[in-house]
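K.L.:
Give me coordinates for this.
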Amino acid sequence: MNAQQLSTRLMRVAAHVPVNSVVADIGSDHAYLPCYLVLNGKARRAIAGEVVKGPYESARSQVKQEQLEDRIEVRLASGLDVVYAEDGVTAVTIAGMGGPLIRSILDAGPERLIGVERLILQPNVHAKAIREWAETNSWAISEEEILKENDKIYEILVLEPSKKPVRFSPAEFLMGPELMKQFSEVFQEKWQRECSQWKKIVHAMETTVETPEIIEKKQELLEKIKLVEEVLHGENT
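P.N.:
Residues are numbered from 1 along each chain as shown. All right, here's what the predicted structure looks like:
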């Protein structure tokens, strides 16, 4: 992977960035995504944000190699702290982290999202945390995508500010309102895998001493299994 040829996962993230955006890529690593966006005319300017010195230096080196120093600024700071009001950022990308970590980044800098028109978020796991954030902070899910790469399944959530309250059902929180509508083969595979794993855990719990914590966890898993199976069998509409 490089700035000219991204992974399938990052190519799909890039596809959701509006043309002529000013992009802040949080946790940019080698800055491949912002470089690609600028080189391909999707972003007119970009900020590559990194909190770790090593990846920060890698990003700086990549931007220099692509001769994009005049259009991409690499900044060392935590999360959305790399974004300033005068940047005029219109799109934020955060990819390759867990859903709870992405949520914590968004929670830590709500004032940095003023003027942002789109969030393109790609959690590796626990996308539910992002949907919970979206409902709490009135960001609507305009698009969702699910894809498989190297036997791993990834979700992409595209959020836009909403003037109306945002509400999701329990199934939508867990599985994604747009993904449920699409009901793709990859979506079905993901949730069949999850259900199978949860059932194994429940079975293992049945051979352990039933502490209050075990009972609570078992009930939580059984509820999720029921929810997912209803969706997979077309019973939750």
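
K.L.:
Test my guess that residue 106 contacts residue 131.
P.N.:
No. Checked against Cβ atoms under 8 Å, the pair residue 106 and residue 131 is beyond contact range at 12.0 Å. From N, CA and C alone the C-beta is placed, and that goes for glycine too.

K.L.:
Give me the below-cutoff pLDDT ranges for the protein.
P.N.:
Scanning the chain for pLDDT under 70 picks out 236-237.

K.L.:
can you list the domain ranges for it.
P.N.:
Domain segmentation of the chain under automatic domain parsing yields 8-166, 186-232.

K.L.:
Would you mind finding the most buried of the ones you listed?
P.N.:
Per residue and on average, the most neighbours among these fall to domain 8-166, with a mean of 19 (mean count of other Cβ atoms under 10 Å).

K.L.:
May I have the phi/psi pair for the residue of the chain positioned farthest from its centre?
P.N.:
Computed with Cα atoms, centre = their mean, the residue of the chain farthest from its C-alpha average is residue 209, at 37.2 Å. Dihedral pair for residue 209: phi -70, psi 130, per degrees, to the nearest 10.

K.L.:
how far away is it from residue 215?
P.N.:
With distances taken as Cβ to Cβ, to the nearest Å, residue 209 is found 10 Å from residue 215.

K.L.:
Could you pull out the residues contacting both of those two?
P.N.:
Between them, residue 209 and residue 215 share no contacting residue under Cβ atoms under 8 Å, 6 or more residues apart in numbering.

K.L.:
If residue 145 is in a bridge, with which residues?
P.N.:
Counting by DSSP bridges, residue 145 is bridged to residue 156.

K.L.:
from memory it sits against residue 155, does it?
P.N.:
Yes. Under the criterion of Cβ under 8 Å, residue 145 makes contact with residue 155 at 7.1 Å.

K.L.:
hey, what's in contact with both of the two?
P.N.:
residue 179.

K.L.:
Please point out which parts of stretch 177-184 sit buried.
P.N.:
Neighbour-count burial for stretch 177-184 flags 177, 178, 179, 180 (criterion: 16 or more other Cβ atoms under 10 Å).

K.L.:
Now do the nearest residue to the second one once chain neighbours are set aside against residue 127, distance only.
P.N.:
In this structure, residue 178 finds its nearest non-sequential neighbour in residue 144, 3.7 Å apart by Cβ to Cβ, 6 or more residues apart in numbering. Using Cβ to Cβ, one gets 9 Å for the distance from residue 144 to residue 127.

K.L.:
Now do the shared contacts for those two.
P.N.:
Going by Cβ under 8 Å, 6+ apart, residues that sit against residue 144 and also against residue 127 are 155, 157, 176.

K.L.:
Could you dump those into JSON lines and include distance to residue 86?
P.N.:
Shown next, in JSON lines, are the shared contacts of residue 144 and residue 127 (distance: Cβ to Cβ, whole Å):
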{"residue": "155", "distance to residue 86": "33"}
{"residue": "157", "distance to residue 86": "28"}
{"residue": "176", "distance to residue 86": "35"}
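
K.L.:
Just put the domains of the chain in JSON lines and tack on distance to residue 2.
P.N.:
Shown next, in JSON lines, are these (distance: least, Cβ to Cβ, whole Å):
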{"stretch": "domain 8-166", "distance to residue 2": "6"}
{"stretch": "domain 186-232", "distance to residue 2": "26"}
